[in-house]
Structures are given as structure tokens and as C-alpha cells.
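> I'd like to go over a predicted model; first the sequence, then the structure.
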Amino acid sequence: MNCSLEQENLLILLKNISNQLKPKFERCTGISSSRYVLLYHLYIHEEVTQSHLQKAIHIDSAAITRHLKQLEADGLVSRRRNPIDQRETFVRLTEQGLTHIANFKQDRNQFVHQMLLDFSEEEVAMMTDMLARMQFNMKDM
């Protein structure tokens, strides 16, 4: 199947948005989008295994270890070995991490508000649905 000009333009737009999103998010919030997603996942789930976290946020094991070591050094997360299975590590936010993620919400909300300026709630819902479908379609590629 050949791509139409519109489909090609869509691909280029998505790539350009992707390239802009991470550095602009980091500039506005002071934290990388990867670390924000990691912290937010912990905020929602309290305590998870490191391997669960890696799969949930779709990064490799070396990257998750690197992020967690830095976040632990910054006092935002704590890690502990599973006493039953020493190969497994549990991760959770510290009190400082909980405060930190709560403070990020305002910066994140401002970033999202600016990014979606002039979009109606219906348009945001439709775009969310379409992007989720795209992501689903790509999962087995």
C-alpha cells in the first residue's frame, strides 16, 4: 500500500512534534519526560517492581537502572530488594518524591494548556482516541 501525500504529511508532522515535545517539556518542567513518566507511574501505583516499571514505561533495563539510580541519589525514590526473591527490586516514591511530583503538576498543566491552546474538549478527546489507535496499530510492528 502506498502512502498518500496526506499520510506522508501526517508522518512528518508526528515526527516533528515528537522531536519538539521532549526538549520543550523538559525546559518548561525542569525534568525529562522519561523521568516524569517514571515518577508519575510510581505516584499512581505506590510501589512496583523495577521490571514492571521498565515494561510500563517502555524503556530498556539499562535506562531504567540509570534513571532510578539518579532519582534515588536525588532522594526522590527508594529501592529495596524483595526479601523472598533477591533478584527482584521494589521501587517507590519517597516523601520528597511525592512532593516533587505534586509540584510538577502545575508546570505540566501549563505546558499541556499551551500545547492544546484553541482545541476544544471534543477535539482533544478525538485526537486522544486517534493517537491511542495509532499506538495500538504499531505495537506489533
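Thanks, I have it. Since this is a predicted model, take the numbers as computed values, not measurements.

> how close does the residue nearest the centre of the chain sit to Leu5?
Centrality entry for the chain: nearest residue to the mean C-alpha point is Val37, 2.9 Å, by CA atoms, centre = their mean. As judged by CB to CB, to the nearest Å, Val37 and Leu5 stand 34 Å apart. All C-beta spots, glycine's among them, are computed from the backbone N, C-alpha and C.

> Over to Leu68?
If you measure Leu68 against Leu5 using CB to CB, the figure is 44 Å.

> More neighbours: those two, which one.
Leu68 (22 against 7; other CB atoms under 10 Å).

> Test my guess that the more buried one contacts Val91.
Yes - shown here, Leu68 and Val91 form a contact pair, counting by CB atoms under 8 Å, at 6.3 Å.

> List the residues that are in contact with both of these two.
Shared contacts of Leu68 and Val91, defined by CB atoms under 8 Å, 6 or more residues apart in numbering, are found at 50, 77, 79.

> quick one: which of those is most hemmed in?
Counting neighbours by other CB under 10 Å, the top entry in the shared contacts of Leu68 and Val91 is Val77, with 24 neighbours.

> How about the secondary structure of the closest residue in space to it that isn't next to it in sequence?
When the adjacent residues along the chain are set aside, Val77 lies closest to Leu71, with 4.5 Å between them (CB to CB, 6 or more residues apart in numbering). Assigned by DSSP: H, G, I helix; E, B strand; the rest coil, the conformation of Leu71 is helix.
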